[in-house]
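J.: just the structure for this:
(2 chains)
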Amino acid sequence: MVHGDFHARISRRGFLAGAAGMLLADRLFGAPDTAATKPNPELEKLAAVALAEAKKQGASYCDIRINRYRDQFSGWRFSPQRGSNQTDEVPFVTDNQSFGFGVRVIAKGQWGFASSPEVNPTEIARITREAVGVAKANSGFQASPVKLAPVGKYIDRWATPHEKDPFAVSVEEKLDLLHGAATTIKKNPKVMTAFGFLGFHSEDKYFASSEGSSIQQYVIQVYPNLGAVAVDFQKGVSRSRSYQVAPQARGWEYVPIMNFGENAKRIADEVVEHLAAPPVTAGKKDLVLLPSHLCLTIHESIGHSTELDRALGYEANYAGTSFLTTDKMGKFRVGSELMNIFGDRTSELALSTVKYDDDGVKTTRFPIIEKGIFTHYQTIRDQAHLVGETESRGCCYADSWASVPFQRMPNVWLAPSDKPVTLDELIAGVDDGVLIEGTGSYSIDQQRYNFQFGGDAFWEIKGGKKGNMISRVAYQSRTPDFWQALDGVAGSAYWQQYGLPNDGKGEPMQTNAMSHGCAPSRFRQINVIVTD
Amino acid sequence: MLSKQEAQKLAEKVMSFAKLPECRVFVTSSENVFIRFANNGITTSGYQVSHTVGIASTTEDKRSGNASVTELTDDALRRGVEQAEMLAKISKPSPEDMPPLGPQKYPEIANFDSGTAEARGENMIGHVKAIIDEARSRKLTAAGFVQRGASWTAVANKAGLFGYHPHTDASLSNTMRNSGGTSSGWATQVSTTIKDLNGAAAAKISADKCVRGENKQRLEPGKYTVILEPAAVSDLIGFISFFGRSAEQGQSWLSKKGGKPGETLLGEKVFPEYITLRSDPFNPKLTAAPWGPGLLPHEKVTWIENGVVKNLFYDRFWAQKAGKKPTAGSGSLVLEGQDHTLADLIKSADKAILVTRLWYMRILQPQTLQVTGTTRDGVFLVEKGEITQPLMNFRWNESPVRVLQNTKMLAQPVVTQGAETGASLAPALMATDFNFASISDAV
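T.: Next up is the predicted model:
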């Protein structure tokens, strides 16, 4: 391992520098350009330093990611003043940027990684030596040498399809939009607190590897949300209701489609209804789950259980392992014949969609569960051979330039019925059940068996008809029992994608965003409990 | 590292670019070294350096904007200030904005260890080796994580406030699983100095738990007396919030049920007299800064004293409205214990379930603070003062508030950390009527 007064030097140089000129990140990445086909040569020149240095140090593989991330949040909280019915309208606006690079190497058969926010040739060479030093120092303590699945050589540039970059839209316009929505929610006198939120996330990603790839990508994600809270002081309860707009990978053109105005009024009415709603009666009930809710159940029970690193024990100390052990691949029945699940980093508007993953692998769509049988794991280059496969499924991601890339969940979606089944038909088939919309509390064990989920809103289903709102609903089940109870999936006209922005995994913990598409689905005789 | 002088110079430079009357600067520089292992071998390791400058600007009429940058050239810093000021000018006046704090006298908190800040992989690999050796010798499989971090933080504003603080942290955790995947054990260590880590000791605990946990029995779910080890208690108390505002607005366990808006449980005896919970940012084994989120100097705060709710958290805005003293912070929790050991708790139980740690906790209801979660990595039945058999894991639905209310006996607190909340000083405790809702097949 390389030693020396590295940090002392880097921090002094970094903190006290005073170079003039255009900001480096702006120069390297420029404005979003959907027409460009080649990476910026200046990025390639910087990357070449790492690749050459790694070779000189004896590494058998090297990749470098030079990335810039931008997060812009704006919103409003409308809440009552202390001791009065007057409303305080509190705005917030934040714009954060993060820029740096990470180098990953294989030396003596072992991975090594190092990262720095100082993007210049000297620093890149130094950090590359650090990464090689880390790999060599640890090579005596590995279970087996790293083996990478083959990958293509790509020189390419790609951007999330979008019409208008949301960062180019004025924050004033965003605040005005959200102020209007929060005002509409708070107009209902029984609403205590109203929230309006718009978040935009972008990733300028550059990847180069010793296998010849040079890839520049620009990813944009949009995160909208409206919320309302109502309180009954006498009963000592509060209830919330949200307009959980599906986060998507697209531009500002998404915003008018969200229809904040009508939905703001609707959630204001529904939070009041939720506050007065009677509790569910506990017992076995049929559930009809809408896409805004089922997305999270798919994520927790299927998305995580089919991650190969979990199945192999790499996550045993933190996120956990999986009930889907490798001996079950190709034969274990997870769900009913109606259950067809895909992993997919190519689907339009989905949060995990990119053209190339952080291994430099071209992304694909692949089956995970076919007619209820578990068939494939999510994989990356250093895992594919462990389950007898010859190619990675393209599921490698790191949440920062400072993070180690590893296997992360792609978009995982449930295929709709190939028949034109409607939501009403699903409900009509239920004598005693609950219709659930939106995500609420969620918890699942470390092997993804036992789970308990709440929701954002619940309606009773009696005699095949949707009834009034009910409250305090959660359901508990065991993943294979739950999915084998799937007996109805609506058709493709009802299929929607919802996304999750903060999936945590790994040590140090990293976050990941992905979408889960599905159509409304019906599950028979699931254990429903009353939360207190 | 970032010296006090360098931090001050950097903050002054940032503020020199500011045109609006208010500018707050937050500087963080950090360095982390980590080794991750699984299946009895190292998987990924790394060395990370990072720094961030956060800028908060406010106009005379209380419009605020925030920005942060990681490029530290003059141009980048100037651009960061311009961005924060542009956002401030676009934003609307905040009725909750408070005037900037002037110079503060921040306390010294001794949680920086230079040996930890200088430690590299070679200072950690011995712990990893000890854990893997223990696993191999007992035919088990080890996974785990050892890391150390060093951070240098500074805060400053145009009204003359300046604070600087370095701190270090170190942690180690490991999970042992048996070859059939039918049992697991876990142990953790957390401190502000790497000297407190001991891989061999942590390996022995997790290996013993794993071996003892083989041949798990199924116990019907229901309400049982529970003995929670410190990591489980740490996660539970980490879920108890003391925010005065949500208490007054009916959205907290501290809101008085059936009361009027504004009525809270402040001053009421809610717990047994031996329950005392406080925040102690001065504990040298916890990684607190000298200031809280609102930049007030940290103080010790007693939340529950001898069972009575003694204080609520008031930020500067709500404190002014409520006529209360503002609270600096709410972390660094210490749940005081009694003169017992975990062994004493086990010995005194007629029938109880011993739980190593908790997992995937989520709040179900803010007024009762009911939380759901599962148990993990070691659950055992205790009968007539002895551990008699390992049990399958459970899902549970229970309120940390009720757990403290039902607590009958506590051990002495230790520095620990669960999976869900930050490090704290927490004791093992024994509590009645813990609600185990269903069985989990997970190991």
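J.: give me the low-pLDDT residue ranges for the stretch 151-300 of chain B?
T.: Low-confidence segments of the stretch 151-300 of chain B, defined by pLDDT under 70, are absent.
J.: nearest to chain A: which residue in it?
T.: B:Lys257 (3.4 Å; Cβ to the nearest Cβ). (Each C-beta comes from the backbone N, C-alpha and C, glycine too.)
J.: how about that residue, nearest residue that isn't a chain neighbour?
T.: Closest residue to B:Lys257 apart from its sequence neighbours, by Cβ to Cβ, 6 or more residues apart in numbering or on different chains: A:Gly236 at 3.4 Å.
J.: show me the helices in the stretch 401-532 of chain A, by range?
T.: Applying DSSP state H, counting those that start in this stretch to the stretch 401-532 of chain A gives helices spanning A:423-428, A:479-484.
J.: from what I see, the residue nearest to B:Lys257 and B:Gly250 are in contact.
T.: Yes. Using Cβ atoms under 8 Å as the test, A:Gly236 is close enough to B:Gly250 to be in contact (7.2 Å).
J.: got JSON lines for the helices of the stretch 401-532 of chain A, with mean pLDDT and mean neighbour count too?
T.: As requested, these are exported to JSON lines (pLDDT from 0 to 100; neighbours: other Cβ atoms under 10 Å in any protein chain shown):
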{"stretch": "helix A:423-428", "mean pLDDT": "98", "mean neighbour count": "18"}
{"stretch": "helix A:479-484", "mean pLDDT": "98", "mean neighbour count": "21"}
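J.: among those helices, which is nearest B:Arg136?
T.: Nearest to B:Arg136, of all the helices of the stretch 401-532 of chain A, is helix A:479-484, at 32.5 Å by Cβ to Cβ.
J.: ok, the closest one near chain B or not?
T.: No. With Cβ under 8 Å from any Cβ of the partner chain as the criterion, chain B is not reached by helix A:479-484; the gap is at least 9.4 Å.
J.: off-centre distance for that helix?
T.: 23 Å (Cα atoms, centre = their mean, to the nearest Å).
J.: now the host helix or strand of B:Ile132: buried residues?
T.: Assigned by DSSP states H and E, B:Ile132 falls within helix B:121-137. By neighbour count on 16 or more other Cβ atoms under 10 Å in any protein chain shown, the buried set for helix B:121-137 is B:Gly121, B:Asn123, B:Met124, B:Ile125, B:His127, B:Val128, B:Lys129, B:Ala130, B:Ile131, B:Ile132, B:Glu134, B:Ala135.
J.: same for that helix, what does it pack against?
T.: helix A:121-138, strand B:22-38, strand B:41-58, strand B:140-157, strand B:162-178, helix B:199-212 (3 or more Cβ pairs under 8 Å, 6 or more residues apart in numbering or on different chains; DSSP states H and E).
J.: now that helix against helix A:121-138, angle please.
T.: Following axes from the mean of the first three to the mean of the last three Cα atoms, to 10 degrees, one obtains 30 degrees for the angle between helix B:121-137 and helix A:121-138.
J.: show me the contact partners of helix B:121-137.
T.: A:1, A:134, A:137-138, A:141, B:33, B:35, B:37, B:40-42, B:45, B:47, B:140-142, B:144, B:146-148, B:172, B:174, B:176, B:194, B:197-200, B:202-204, B:207 (Cβ atoms under 8 Å, 6 or more residues apart in numbering or on different chains).
J.: where along the stretch 201-350 of chain B do the helices fall?
T.: Secondary structure of the stretch 201-350 of chain B (DSSP H, counting those that start in this stretch): helices located at B:230-238, B:244-248, B:316-322, B:342-348.
J.: deepest in the core, which of the ones you listed is it.
T.: helix B:230-238 (a mean of 26; mean count of other Cβ atoms under 10 Å in any protein chain shown).
J.: who does it touch, helix- and strand-wise?
T.: strand B:333-335, strand B:351-365, helix B:400-405, strand B:414-416, strand B:424-426.
J.: can you tell me which of the ones you listed is most buried?
T.: Ranked by mean neighbours (mean count of other Cβ under 10 Å), the helices and strands packed on helix B:230-238 are led by strand B:424-426, with a mean of 28.
J.: rounded mean pLDDT for it, please.
T.: For strand B:424-426, the mean per-residue pLDDT is 98.
J.: against which helices or strands is that strand packed?
T.: helix B:230-238, strand B:333-335, strand B:414-416.
J.: give me the distance between the two termini of stretch B:259-278.
T.: End-to-end span of stretch B:259-278 (Cα to Cα, to the nearest Å): 26 Å.
J.: quick one: that stretch near chain A?
T.: Yes. Judged by Cβ under 8 Å from any Cβ, stretch B:259-278 and chain A are in contact via B:Gly259, B:Lys260, B:Pro261, B:Gly262.
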